[in-house]
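Trainee: my questions concern the predicted model and sequence given below.
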Amino acid sequence: MNILFVASECSPFVKTGGLADVIGSVPKALEKLGHTIKVLLPAYPQLQKWLKHGDPLLELEDLFGGPARVFSVRAKGLNLLLLEAPHLFDREGTIYLDEEGLDWEDNPIRFGALSLIGAKISLDGIGGWKPDLVHAHDWQAGLVPVYLRQSGRQAPPSIITIHNVAFQGLFDGAIVSTLGLSPDLFNPDGFEYWGHAGYLKGGLAFADKITTVSPTYAIELLTPDFGMGLEGLLQSRKNDLVGILNGIDMAEWDPETDPVLEKNYNTKSLKRKVANREWLEARFGLEANPDAPLFCVISRLTTQKGLDLLLEVIPTIVERGGRLAVLGTGDKRLEAAFVNAAGNMPGKVGVEIGYSEDLSHKMQGGADVVLVPSRFEPCGLTQLYGLRYGTIPVVCRTGGLADTIIDANAASLTMKCATGIQFSPATVEALDQAIHRTCDLFQQPQQWKTMMRRAMTQEIGWDHSAELYADLYRSLIDS
């Protein structure tokens, strides 16, 4: 099968979150099954060096205000189609935000253009290659199915994946005419949302199938608590909604071969993990205490991630002898609160505002516990990295966190199948209790090591999920 992915980011080229990791991994897993995947991405500054290695297969004199070309490039094991449109994508700042941290004012045009080109390639092909199916990801590619619908042509089937329904791409309705979108589709049954153009809503309304990144999140999306205003539309399409669990790149995330770790280790050499712990303690200025767990957080600092709850239970972590290392950026108030906690509890709490891929690997390799107290979590990758590195996840029982972590209750501990600690609901009290449970378990070294080994042997790669995607693609193409 020939499959076109349309997305706004892709690891290792450009990344702001888990979406990039998925787009960088799934095509490789599908190629192992014999399929051809091409990923359409904007040619941001980070990607422009690759243009000289490719050929321009599509040229447009005007794409919403300037010329554009699409280059075909093979890079880092991926087949990329890079949309070069300097007036839209060649700029300082991040891919979504300007240098002041505000959304680019022309984001609706930028990602409308990405969707338009995705639809054009879906319909006409490029360089002699034509997709059998197009797979759009999140709101940035949400208009692909809309453009396909309004074309009136025989189009390949389309799928849209919801990576996080909280980000919907809602813009002023005036953008409809700017993007050449049909006003006939701008209605409550289409991509109109309370007078706004809803990019994600358009994809959900017109794609042939909808997927999301875990089975539990697929169920949660049908409820007002999690659907973020789109639960009615999703209810109407629940027979077309499929939850396929995310995985991780098992080669990139492997404690036995990870080049950034101080010492590599596996299930038979867990003692070597201590060297990574000692490095992490020194890096964050934390006191050594082998008798209590070293907790870590690697996250966007937002209330969605439950990090306001964590602030309230830091005293419990410290009282139990634990230490906390935090890496992340996000809400300025939360950033300030964590920095303040580190200042008030030196040696107990260490904080770095920002993000570093290497440091995230080192933290997974050195910490004993990774905290993911999210109020909602479509899938989550941080807890999967924790499993892979034997860094026990403590998670709220929601979305993909519920699907990937086996709680260390009495039955699972007896059966030696526990892989972490779950808590519910998302409250300070429940998280506080989970911290106590974690510290109690850490005091039982044999049981803790058994849990580490079980976590490290979980099947959390992409092989199974890639087969599920391939089956879904095939069912749509055959029909």
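Mentor: Noted; the coordinates are in hand.

Trainee: make it CA atoms for all contacts and neighbour counts henceforth
Mentor: OK.

Trainee: tell me how far R149 lies from G343.
Mentor: When C-alpha to C-alpha, to the nearest Å is the yardstick, R149 and G343 sit 56 Å from each other.

Trainee: who has more neighbours, those two?
Mentor: Under the neighbour definition other C-alpha atoms under 10 Å, R149 and G343 were set side by side, and R149 has more, 17 against 14.

Trainee: with only the CA atoms kept, save the helix or strand containing that one in PDB.
Mentor: When secondary structure is defined by DSSP states H and E, R149 falls within helix 144-151. Provided in PDB are the C-alpha atoms of helix 144-151 (Å, rounded to 0.1, in the frame of the first residue of the first chain):
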ATOM      1  CA  VAL A 144      -7.200  17.600   4.300                       C
ATOM      2  CA  PRO A 145     -10.500  15.600   4.400                       C
ATOM      3  CA  VAL A 146     -12.400  18.900   3.900                       C
ATOM      4  CA  TYR A 147     -10.500  19.800   0.700                       C
ATOM      5  CA  LEU A 148     -10.900  16.200  -0.500                       C
ATOM      6  CA  ARG A 149     -14.700  16.400   0.100                       C
ATOM      7  CA  GLN A 150     -15.100  19.700  -1.700                       C
ATOM      8  CA  SER A 151     -13.100  18.600  -4.700                       C
END
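
Trainee: what's in contact with that helix?
Mentor: 115-116, 118-119, 123, 136, 155, 158, 181-182, 185, 191, 202-203, 206-207 (C-alpha atoms under 8 Å, 6 or more residues apart in numbering).

Trainee: please apply the same query to stretch 205-218.
Mentor: Counting contacts by C-alpha under 8 Å, 6+ apart, the residues outside stretch 205-218 that touch it are 145-146, 149, 157-163, 189-191, 204, 233, 240-246, 377-379, 398-400, 402-403, 476.

Trainee: also stretch 295-314?
Mentor: With contacts defined as C-alpha under 8 Å, 6+ apart, stretch 295-314 is touched by 322-331, 334-335, 337-338, 360, 363-364, 367-377, 382, 426-428, 431-432.

Trainee: for it, buried residues please.
Mentor: Counting neighbours by 16 or more other C-alpha atoms under 10 Å, one finds that the buried residues in stretch 295-314 are 295-303, 305-310, 313-314.

Trainee: pull up the distance across that stretch, start to finish.
Mentor: Distance across stretch 295-314, first residue to last, is 10 Å (C-alpha to C-alpha).

Trainee: show me how far that stretch is from its chain's centre.
Mentor: With C-alpha atoms, centre = their mean, to the nearest Å as the basis, the distance from the averaged C-alpha position of stretch 295-314 to the chain average is 17 Å.

Trainee: repeat for stretch 94-111
Mentor: Remark: stretch 94-111 is offset 19 Å from the chain centroid, using C-alpha atoms, centre = their mean.

Trainee: related to what we said a few turns ago, please identify which pair of the contacts of helix 144-151 lies farthest apart.
Mentor: Farthest pair in those (C-alpha to C-alpha) is L123 and F191. Separation: 20.7 Å.

Trainee: which of those two has more neighbours?
Mentor: Under the neighbour definition other C-alpha under 10 Å, L123 and F191 were set side by side, and F191 has more, 28 against 20.

Trainee: from D55, how far out is that one?
Mentor: As for F191, its distance to D55 is 35 Å (criterion: C-alpha to C-alpha).

Trainee: same question for L234.
Mentor: 40 Å.

Trainee: higher neighbour count, the two?
Mentor: Comparing L234 with D55 by other C-alpha under 10 Å, the one with more neighbours is L234, at 22 against 14.

Trainee: the closest residue to that one other than its chain neighbours: what secondary structure?
Mentor: Setting aside the residues directly before and after it, L234 is nearest to L222 in space (C-alpha to C-alpha, 6 or more residues apart in numbering), at 6.0 Å. Under the three-state scheme (DSSP: H, G, I helix; E, B strand; the rest coil), the conformation of L222 reads as coil.

Trainee: which element is H361 on?
Mentor: According to DSSP H and E, H361 maps onto helix 357-366.

Trainee: now the strands: where do they sit in the stretch 1-150 of the chain?
Mentor: Read by DSSP state E, counting those that start in this stretch, the stretch 1-150 of the chain holds these strands, from start to end of the chain: 2-6, 36-42, 55-60, 68-75, 78-84, 133-137.

Trainee: which other helices and strands contact the last one?
Mentor: Secondary structure elements in contact with strand 133-137, counted by 3 or more C-alpha pairs under 8 Å, 6 or more residues apart in numbering; DSSP states H and E, are strand 2-6, strand 158-162.

Trainee: the longest helix in this structure is where?
Mentor: When the chain is scanned for its longest helix (criterion: DSSP state H), the result is helix 107-124.

Trainee: can you dump the C-alpha atoms of it in PDB for me?
Mentor: As requested, the backbone C-alpha atoms of helix 107-124 are provided in PDB (Å, rounded to 0.1, in the frame of the first residue of the first chain):
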ATOM      1  CA  ASN A 107      -1.100  29.800  11.600                       C
ATOM      2  CA  PRO A 108      -4.600  29.200  10.000                       C
ATOM      3  CA  ILE A 109      -3.100  30.000   6.600                       C
ATOM      4  CA  ARG A 110       0.200  28.100   7.200                       C
ATOM      5  CA  PHE A 111      -1.600  24.900   8.100                       C
ATOM      6  CA  GLY A 112      -4.400  25.400   5.800                       C
ATOM      7  CA  ALA A 113      -1.700  25.400   3.100                       C
ATOM      8  CA  LEU A 114      -0.300  22.200   4.400                       C
ATOM      9  CA  SER A 115      -3.700  20.600   4.200                       C
ATOM     10  CA  LEU A 116      -4.400  21.900   0.700                       C
ATOM     11  CA  ILE A 117      -1.100  20.400  -0.600                       C
ATOM     12  CA  GLY A 118      -1.900  17.200   1.200                       C
ATOM     13  CA  ALA A 119      -5.200  17.000  -0.500                       C
ATOM     14  CA  LYS A 120      -3.600  17.900  -3.900                       C
ATOM     15  CA  ILE A 121      -1.000  15.100  -3.600                       C
ATOM     16  CA  SER A 122      -3.800  12.700  -2.500                       C
ATOM     17  CA  LEU A 123      -5.800  13.400  -5.600                       C
ATOM     18  CA  ASP A 124      -3.100  13.900  -8.200                       C
END
